[in-house]
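[1] Have a look at this prediction, sequence included:
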Amino acid sequence: MPPKAKKPWNESSKNAKDMKMRGVGKLKRKLSSKLSRSKPIAKFQKIEADLDDIEAQHLKVALRNSRLILGNGIDLSQIPGCPVVHPTEIEFQDPIQYIKKLHKTGMRHGAIQIVPPKSWKAELNISFPEKKFDTRIQNVHELSQGRGFPGGKKYTLDEFQRMAAMDEKGILTEQFNGIPGVEKLYWRVANGRGGEVSVEYGNDIDSEKIGIGFGEKNNSPWNLRRLAKHPDSPLSCLENVTGVTVPWIYIGMIFSSFCWHCEDHYLPSINYLHTGKPKVWYCVPARQSKKLEDVMKQNMPCLFEDEPDLMHKLCTTLDPRILAANGVKIHRVIQTAGTFVVTFPHCYHSGFNTGFNVAEAVNICYNEWFPIGRRASEIYRSISRQSVFEHEMLLAKWILQHTENIPPVLQKELTQALKQQKKTAALVTRKGTQTSSSPYDYNEEEHRCFICNQTCYLWHMKCSCSEAVMCLKHATEDFCGCGHGSKSLVYSIEFWKLTSLEWKDAR
C-alpha cells in the first residue's frame, strides 16, 4: 500500500501576492461594507489610510523588539545550549528505550543532540542521482510576515549543491564567517534589516520516492526508515504515513529555514544530518509552549487575526532573542553532520541551515506521549483541523497489543477515554438517544464528525434522517433538528474489546 502523505500547506488560496501585509485582505472586506456608498476616491483614501495604520503598527512592533534585544543585551551566542549526549555502544542498541530515558530531560529543554558511538557509521544512500526533486522559495526577509512558500525549481542533488554554493558566495562576506557570523547575518535579514534574500529549500521530500537517505540496506535500528516502525513504538500500529512513519528528506542551502512549529499530534521527532554544513536549532520546553504562542500573537496581531491557526502553518518565524526578552526559555543546538537531534512532545522548534546539507527526519513515539497526544487531538477538534491519524485508534490498537500487561500510563488513558464516553452517553440517553446493538467496522471516510472533522474510531452518534456522523464531543447537539429520540449511539468492535479489558483490570 502506498504511504499516506500528510497534506502540505499550500499558499495558493492565500492571495499572498495581492497583499502588502497579512491582515490587509480581511481589513479590505470590512472596509468595503462600510464604504459601499462612498465615492470611489473616498474609498481608496480610507483604505490607504488604514493600510498606513497597519504598516505603522508593524513598525511600532519592530522598534519595540529592537529595544527589547538591545535593552536586555541578549546575544545569540548566550542562548543556553540543549544537552548533548554520547550513548555507549550498549545504550545505542535500542533507540526507543534510550530516547525514553531522555524524556524528562528533553521536555525541560525542548531537544537533545545525540552523538553516536565512534564505531557507528551511516553512509548516505543515493539510489537515483539523476532524479529531480521539488523545492520551495523562501524569502528570508519576509519570514516574520507569515507568508507561505511558493514552488521553486526542480533539481538533481548535484545541481542543487552547485546552485547552493554559488548563492552562498553571494550572500556571505568575510565579515560574517563561522557559525556566529552566519547566525548574526541570518537574523539581520530575517528581521528586515539586511536587505532582500531569497533561497530555495528541498523540504518534505518523500524518502522512498527520491531514493536518498539511510536506505533499506542499512540494518541499524537507528535507520530512520526502520525506527518509526520499531516494535516498541506505537506508530508501528499505523499504515505508512509520509513524514510520520516514512521519513522526509531535507536538502538545504544557506538560510533555508524551518519556522516555529510543533510536530503533528505533538509527537517526538528525530532528525539525522547526513552530510553538509550545520543546522542551527532553537527549541522551547513543552511547559513554555503556551507562552511562546502568546508572544507570537502579541508581536504579530494582524497575522493571527487573519489566521488564528497560523502556528500550524510552519511559515512564521520570530527572533529567539525577542522570545527570550519576553520570558520564554529558549535553548539552542548546533547540529553537525553525523549527529541526531531529537525534539520532544509539544516542544516548539525552529532553525535554519548554514549551507548546503542533506538531512532525514521522521516521527517517533513511546507510551509517555499518549496524554500529550490526547491534548493535541482535543485542540485539533476545537479548530476543526483534520488529524493525520486517529488518536483513539492508535491508543486502542496499541493497548490491544499489550492486553497481558497494560502499562500504567496506557491504563490511565484507557480509563480517561471510557470515562468521557460514559459521561456523554448517560447525558444523551436521558434525552432519549438509543444505543445500537450492532457494532461497526471503522471506516475513515464514513465515520468522520461533520462538525469538527475528526474521525470516530470507537464510537459515534447518527440520526435516522441522514448519513451524518457526530463524535461524542458534539453528541449533545441536536445537529439536524429531529430530536434525540431519532438518534442512536453506535460503538465499534474495538470499543467493546477495550471495555472488557477495563472490566478485567478492575477485577
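    The structure has been received and is ready for your questions. Numbering: from 1, shown residues only.

[2] Hmm, residue 203 is touching residue 257, no?
    No: when contacts are counted by C-beta atoms under 8 Å, residue 203 is not listed as touching residue 257 (9.3 Å). For every residue, glycine as well, the C-beta is placed using N, CA and C.

[3] element containing residue 165, please.
    Assigned by DSSP states H and E, residue 165 belongs to helix 157-171.

[4] between the helix or strand just after that helix and helix 157-171, how many degrees?
    Later in the chain than helix 157-171, the nearest helix or strand by DSSP H and E is helix 178-190. Relative orientation of helix 178-190 versus helix 157-171 (axes from the mean of the first three to the mean of the last three C-alpha atoms, to 10 degrees): 80 degrees.

[5] Tell me which residues are up against helix 178-190.
    The contact list for helix 178-190 (C-beta atoms under 8 Å, 6 or more residues apart in numbering) reads 76-77, 140-141, 143-144, 171-172, 175-176, 194-195, 197, 254-255, 257, 278, 280, 317, 319, 321, 334, 352, 354-355.

[6] so what's the closest residue to residue 409 other than its chain neighbours scoring on pLDDT?
    Closest residue to residue 409 apart from its sequence neighbours, by C-beta to C-beta, 6 or more residues apart in numbering: residue 367 at 4.9 Å. The model reports residue 367 with a pLDDT of 96.

[7] Got the phi and psi for residue 367?
    phi -60, psi -40 (degrees, to the nearest 10).

[8] In this structure it contacts residue 233, no?
    No: Residue 367 is beyond contact range of residue 233, at 9.8 Å (criterion: C-beta under 8 Å).

[9] Pick out whichever of those two has more residues nearby.
    residue 233 (23 against 18; other C-beta atoms under 10 Å).

[10] ok, how many other residues are close to the nearest residue to that one once chain neighbours are set aside?
    Of all residues not flanking residue 233 in the chain, residue 365 sits nearest, at 5.0 Å (C-beta to C-beta, 6+ apart). By the criterion of other C-beta under 10 Å, residue 365 has 28 neighbours.

[11] got the contact list for residue 365?
    Residue 365 touches 233-235, 267-268, counting by C-beta under 8 Å, 6+ apart.

[12] Relative to the whole chain's centre, how far out is the helix or strand hosting residue 226?
    Assigned by DSSP H and E, residue 226 falls within helix 224-227. How far helix 224-227 lies from its chain's middle: 19 Å, per C-alpha atoms, centre = their mean, to the nearest Å.

[13] Which strands or helices does it pack on?
    strand 269-276, strand 357-363 (3 or more C-beta pairs under 8 Å, 6 or more residues apart in numbering; DSSP states H and E).

[14] how far off helix 157-171 does the longest one point, in degrees?
    Here strand 269-276 runs at an angle of 80 degrees relative to helix 157-171 (the same axes, to 10 degrees).

[15] Just the buried positions in strand 269-276, please.
    269-274, 276 (16 or more other C-beta atoms under 10 Å).

[16] Now render the residues you listed as a markdown table, adding pLDDT.
    Converted to a markdown table, these look like this (pLDDT from 0 to 100):
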| residue | pLDDT |
| --- | --- |
| 269 | 98 |
| 270 | 98 |
| 271 | 98 |
| 272 | 98 |
| 273 | 98 |
| 274 | 98 |
| 276 | 98 |
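
[17] ok, residue 276 - contacts?
    252, 337, 353, 355-358.

[18] if you set the cut-off to 10 Å instead, what comes out?
    Neighbour list for residue 276: 124, 161, 164, 251-253, 336-337, 353-359 [criterion: C-beta atoms under 10 Å, 6 or more residues apart in numbering].

[19] How about residue 85?
    Taking C-beta under 10 Å, 6+ apart, one finds 91, 98, 101-102, 105-106, 112-115, 340, 342 in contact with residue 85.

[20] Filter the residues you listed down to the buried ones, ChimeraX style.
    This is the ChimeraX syntax for the buried subset of those, where burial follows 16+ other C-beta under 10 Å:
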select :98,102,106,112,113,114,340,342
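
[21] Show me the contacts of residue 85 that map onto strands.
    The members of those that map onto strands under DSSP state E are 112-114, 340, 342.

[22] from those, which is closest to residue 410?
    Nearest to residue 410, judged by C-beta to C-beta, of the ones in strands among the contacts of residue 85 is residue 342 at 22.0 Å.

[23] how near is that closest one to residue 226?
    16 Å (C-beta to C-beta, to the nearest Å).

[24] Make sure residue 492 is actually in contact with residue 446.
    No: taking contacts as C-beta atoms under 10 Å, residue 492 lies outside contact range of residue 446: 11.8 Å.

[25] Looking at the two, which is more packed in?
    More neighbours surround residue 492 than the other of residue 492 and residue 446, with 21 against 13 (other C-beta under 10 Å).

[26] any weak-confidence spans in the protein?
    By pLDDT under 70, the low-scoring segments of the chain are 1-73, 502-507.

[27] Name the surrounding residues that touch stretch 421-437.
    Counting by C-beta under 10 Å, 6+ apart, 392, 458-459, 461-464, 470-478, 483-491, 495, 498-499 sit against stretch 421-437.

[28] Please indicate which of the residues you listed are buried?
    For the contacts of stretch 421-437, buried by 16+ other C-beta under 10 Å: 392, 458-459, 461-463, 470-475, 484, 486-491, 495, 498-499.

[29] ok, back up a step: closest one of the contacts of residue 365 to residue 451?
    residue 267 (25.1 Å).

[30] measure the nearest residue to that closest one once chain neighbours are set aside to residue 247 for me?
    Leaving aside its sequence neighbours, residue 267 sits nearest to residue 363 (C-beta to C-beta, 6+ apart; 4.4 Å). Residue 363 sits 9 Å away from residue 247, going by C-beta to C-beta.

[31] what's the overlap in contacts for these two?
    Contacts common to residue 363 and residue 247, judged by C-beta under 10 Å, 6+ apart, are 224, 227-228, 270.

[32] Would you mind listing the two of those that lie farthest apart?
    Among the shared contacts of residue 363 and residue 247, 228 and 270 lie farthest apart (C-beta to C-beta), at 8.8 Å.

[33] Show me the common contact partners of these two, please.
    247, 362-364.

[34] For the residues you listed, which single residue is the most surrounded?
    residue 247 leads the shared contacts of residue 228 and residue 270 on contacts (other C-beta under 10 Å) with 29 neighbours.
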